[in-house]
Each structure stands twice: as structure tokens, then as C-alpha cells.
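Colleague: A structural model of the following input is requested.
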Amino acid sequence: MRFRGPAVLPVVVLACAAGALPAAAVPQARGGGPVVVSTAADGTPADGDSSGAVLSGNGRFVAFLSDAGNLVPGDTNGLADVFVKDLRTGAVDRVDVAGDGSQADAPASHVSVSADGRYVAFDSYAGNLAPGDMPGAWDVFVHDRATGRTEVVVANPGGIPGNSYDPVISANGRYVAYASYRDDLVPQDTNSGIDVFVHDRVRGTTRLVSVFTDHLQGTSTSLAPSISADGTRIGFRRMWYPPRGVAAREPRAPRPWWFYVHDTRTGKTVPAAVDRDGGTLGMPASPTTGLSPDGRYAVFSSPSADVVDGDTNDAADVFVRDLAAGTTRRVSTAADGTQAQGGSGRGLLGAGGRRAFFVSAADNLVPGDTNGASDVFAKDLRTGAVRRLDVAADGTESTTGTYEVTADTTGRTVAFPHDDGLVPGDANGHRDILVVRTR
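Modeller: Numbering: from 1, shown residues only. As a prediction, the model looks like this:
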């Protein structure tokens, strides 16, 4: 990820400290099978489950959540914490801590990391991490791994009710987008609902981005932000509410979600998921959505057969929308274009929109897929080549499947959670974070 702007935060490459444990470099299995990275610095397996992994843009650092208490010395809070692993040196850093190193008194839930791994954004229910941190509510924080400082992005010294959560951070760590129940962050927030905001850490300003081009806010819930590398494009999902009369007659009617992208430079908001006729596409609950690092491409999943021609598989697929050209293509297909015989989701894109990654329950995307589980796939959108990534170096298939995936900017380093059995020696009985090099 890269950033263009008037004030750029310092960029450094770090080898983070890991207490008294000697760091062991993570094996570089380029082109081979995955390796376990949710370990202590000396390679000790985690004694708890790990999930929610996010790779830095440069592919060197992986941030993740873990219940483990043995990844760093002094972890005694018994809670889900945020860790960063240096894939080059093996060093591990716990980042949901106060500036003096005090442990969080409540768990964290989501994590995002800057391109160089220096800045880590996360949400936490803790009330002891930074001045202005309100106990008993979810708040958004940024930890600077160079200085050890943790700052609260959404300060709440007055104790105003409302949670802020699900942060994503720009490549240089300047911009943080997040969802919030708070209605006091900007004057124009009048809908008393969940909205998406972006905070400029340099200027100290906050902007409401879940608005239409005419700046109208609407009454719908907005959440699940995604962010371009330079922080100028913010994707978000908005729930559709029927007119009050319809809602009264059909109180249990499904509420579809719409996917939009807001450009902070122009103020324009455009639908990022549309049907073949150009109409805004309503998606079922919890669709997966995101942006490419350059902000040009949007990725989403939908079971709709009306997004592209020839969609007859009656399953959720992953689509990529070129916001500049106004075109949409389906990417969760086999190399020859054969439709997936199972649902696909969790799509994400590398730089330039060339490489797509997703999970799929389909067994016909690559030869030899017989495990009957959801797998992780990489697709080259230029050549159409598809590769399954959650297989051992000897070709052994996953037996439990996985449902998350993350990649660096280039798409050469990919991480996902997985249970035991895919990596030789992985027998800790917990879900770990695995990393595989695509080339």
C-alpha cells in the first residue's frame, strides 16, 4: 500500500522485541506448503486459538488475535490479545497494551496493520489502554510499534454511550476508518444509527463517509469499512430499510445490504455491487466486501444470478467490480471458466486487481479437490490460473477447511487460520495462523 498526501508519517521497518525469548526466523516455504506463524518467538506452539490475521502490505508482518497466553512473556490476562509476528526474524510483539506496557483488561476483536507494520489499529473493550478510553465500551486504538505508544482514535472522556469498532488503517497509518454507534463525532450525524467514519491522525479530524454524494446520511445502518492504501476511498455496507408502512406489514422481511465506495477527494459515493442492468445490488446478511490497494477495484460476494451473464450455479460467488471502467467479472471460477459447484466468499484483491483470493466450498476449481471442505484459492485474473493454497507441501489436503484469508499487497504472501494436520509437527490442538508463499 502507498500513500499520497501533504503530511506523511515516518516510515520505518522494524524488528520488534519479544522479551527474553530468542527469535527464530519463520521458514520461507516459497512455492511450497504453509508454515505455522502463530507461535512464540522461539517457535513454541500457541496454547490457545488464533484468528483474524492481517498481513502488512510489504508481507513482512502478520497481525492476528489469539487467546494464547504463551506467545510473549507476561501474558497473564487470559484474554484475546493482538499480536504482530515478524516473518523475517520470528519476533513477536503484543500490541493491545498501554504505553507503559500494562495488559488490556478486556479482549480485542478486530485488527488492521499499516504497510510497513509499524502502526496497528484494533478495537478493544478494555478501559485502561490510553487516556480518553471509556471502560465498558468498544473503542478504536492505534499502537505505534516504534514508540510503544497506544492512542485512542475515538476518545470518549465524557462517557457518551456507543461503541466504535472494526477499524481499517491506511498504508502509512495516517487514516483509520471504523464503524461507530456514536452520534457526537461530527455535527451532521443525525440518524441515531451505526455509521462509518474516517479519522485523520495527522490533522486530528474525523469525517463521516457513509453518506450519499449529496451528503445525505439516510437512516440505514452502515458498517464493515474497507480502505484504499492512500486512505482516500472507503468502502462500506449499508442495510436497506423498507418504508415504514412496508416494515409494519412485513416485520420479518429480510434486510438486504448494499455495498458503496465513498471518495473523500471528490465527495462522491458510488454503488460497488450492481446487477447486470446497473442497478444497486441487494445482498444477504453478512456479505464479504473490500477494496484493492489502489481503490480502483471492489470485491464482493453474492448468491445473485443477476450480476453477470451465465451465472447458473445457484451459489454465492465472488465478483470484482472495476469502478473506473464500470464492469464486473466473476472470479470464483475454475481456470477454464467453469462455475463453482459450491458457495464462495471472503474475496480480496492484490495491487492492480490482478490477483484475487477467496475461500470456496466448491470441489471443481482445481483437480484433486476431494476433501469436502472450504478451501483457500488464489486466482490470477490475467491468465485465469487457479491455485489451492491450504494444502501441505506434499499435496495433502486440508481435512477441516478454513473460512478466512489475507494477503500482502503483491499477493505473494498469504495467511489463513487452520486447525492441526496441515503442517508437519502442528499438533497443539488449537487453530493457528498459517502463511504460504505463492511464489
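Colleague: Could you check how many residues crowd around residue 43?
Modeller: The local packing count at residue 43 equals 16, with neighbours defined by other CB atoms under 10 Å. C-beta here means a position set from N, CA and C on the backbone, and glycine is covered the same way.
Colleague: My error: substitute residue 392 in the last question.
Modeller: Burial of residue 392 is recorded as 15 neighbouring residues (other CB under 10 Å).
Colleague: Just to check, it is in contact with residue 420?
Modeller: No: Residue 392 is not in contact with residue 420 according to CB atoms under 8 Å; the separation is 11.9 Å.
Colleague: got a list of what residue 400 touches?
Modeller: In this structure, residue 400 makes contact with 373, 418, 419, 421, judged by CB atoms under 8 Å, 6 or more residues apart in numbering.
Colleague: Let me know the secondary structure of it.
Modeller: Local secondary structure at residue 400 is given as coil here, using DSSP: H, G, I helix; E, B strand; the rest coil.
Colleague: pLDDT wise, what is it at?
Modeller: Reading off the confidence values, residue 400 has pLDDT 89.
Colleague: So it versus residue 301, what's the distance?
Modeller: 21 Å (CB to CB, to the nearest Å).
Colleague: what's the answer for residue 427, then?
Modeller: Using CB to CB, we find residue 427 at a distance of 33 Å from residue 301.
Colleague: any chance you could map the strands in the stretch 51-200 of the chain?
Modeller: Taking DSSP state E, counting those that start in this stretch as the criterion, the stretch 51-200 of the chain contains strands spanning 61-66, 81-86, 92-94, 108-113, 119-124, 139-144, 150-152, 164-169, 175-180, 195-200.
Colleague: Please point out which parts of the fourth one sit buried.
Modeller: I take that to be strand 108-113. Neighbour-count burial for strand 108-113, with 16 or more other CB atoms under 10 Å as criterion, is recorded at 108, 109, 110, 111, 112, 113.
Colleague: contacting residues around the third one?
Modeller: Residues in contact with residue 110, defined by CB under 8 Å, 6+ apart, are 52, 122, 123, 165, 166, 167.
Colleague: ok, how many other residues are close to the third one?
Modeller: Here the number of neighbours of residue 123 (other CB under 10 Å) works out to 26.
Colleague: need the contact list for it.
Modeller: The neighbours of residue 123, taking CB under 8 Å, 6+ apart as the test, are 108, 109, 110, 138, 139, 140, 141, 164, 165, 166, 167, 178.
Colleague: Low-confidence bits of the protein, can you list those?
Modeller: 1-31, 156-161, 218, 241-254, 285-286 (pLDDT under 70).
Colleague: That one: helices as residue ranges?
Modeller: Counting by DSSP state H, one finds helices in the chain at the ranges 244-249.
Colleague: what's in contact with stretch 267-280?
Modeller: For stretch 267-280, with CB under 8 Å, 6+ apart as the criterion, the contacting residues are 211-213, 215, 235, 258-263, 281, 283, 287, 289, 298, 300, 302, 304, 306-309, 319, 321, 323, 328.
Colleague: got the end-to-end distance for it?
Modeller: Terminal residues of stretch 267-280 lie 19 Å apart, using CA to CA, to the nearest Å.
Colleague: thinking again about what came up before, from the contacts of residue 400, pick the one nearest residue 101.
Modeller: Nearest to residue 101 among those is residue 418, at 31.3 Å by CB to CB.
Colleague: if we can go back for a sec, out of the buried residues of strand 108-113, give me the two with the largest separation.
Modeller: 109 and 113 (15.1 Å).
Colleague: now the contacts of residue 123 in a markdown table, with distance to residue 270?
Modeller: A markdown table is the format used below for the contacts of residue 123 (distance: CB to CB, whole Å):
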| residue | distance to residue 270 |
| --- | --- |
| 108 | 33 |
| 109 | 29 |
| 110 | 25 |
| 138 | 29 |
| 139 | 31 |
| 140 | 26 |
| 141 | 31 |
| 164 | 25 |
| 165 | 25 |
| 166 | 22 |
| 167 | 23 |
| 178 | 21 |
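Colleague: Closest one of those residues to residue 47?
Modeller: The shortest approach to residue 47 among the contacts of residue 123 belongs to residue 108, at 17.9 Å (CB to CB).
Colleague: Show me the beta-bridge partners of the closest one.
Modeller: With DSSP bridges applied, residue 108 shows beta-bridge pairing to residue 124.
Colleague: any idea how far residue 346 is from it?
Modeller: Noted for residue 108: a distance of 21 Å to residue 346, by CB to CB.
Colleague: Output the strands of the stretch 51-200 of the chain as a markdown table; include the columns distance to residue 365.
Modeller: Written out in a markdown table, the entries for the strands of the stretch 51-200 of the chain read as follows (distance: least, CB to CB, whole Å):
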| stretch | distance to residue 365 |
| --- | --- |
| strand 61-66 | 25 |
| strand 81-86 | 29 |
| strand 92-94 | 34 |
| strand 108-113 | 29 |
| strand 119-124 | 33 |
| strand 139-144 | 37 |
| strand 150-152 | 42 |
| strand 164-169 | 28 |
| strand 175-180 | 32 |
| strand 195-200 | 33 |
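Colleague: Residue 40: which of those strands is closest?
Modeller: Taking CB to CB as the measure, those were each checked against residue 40, and strand 92-94 came out nearest at 6.2 Å.
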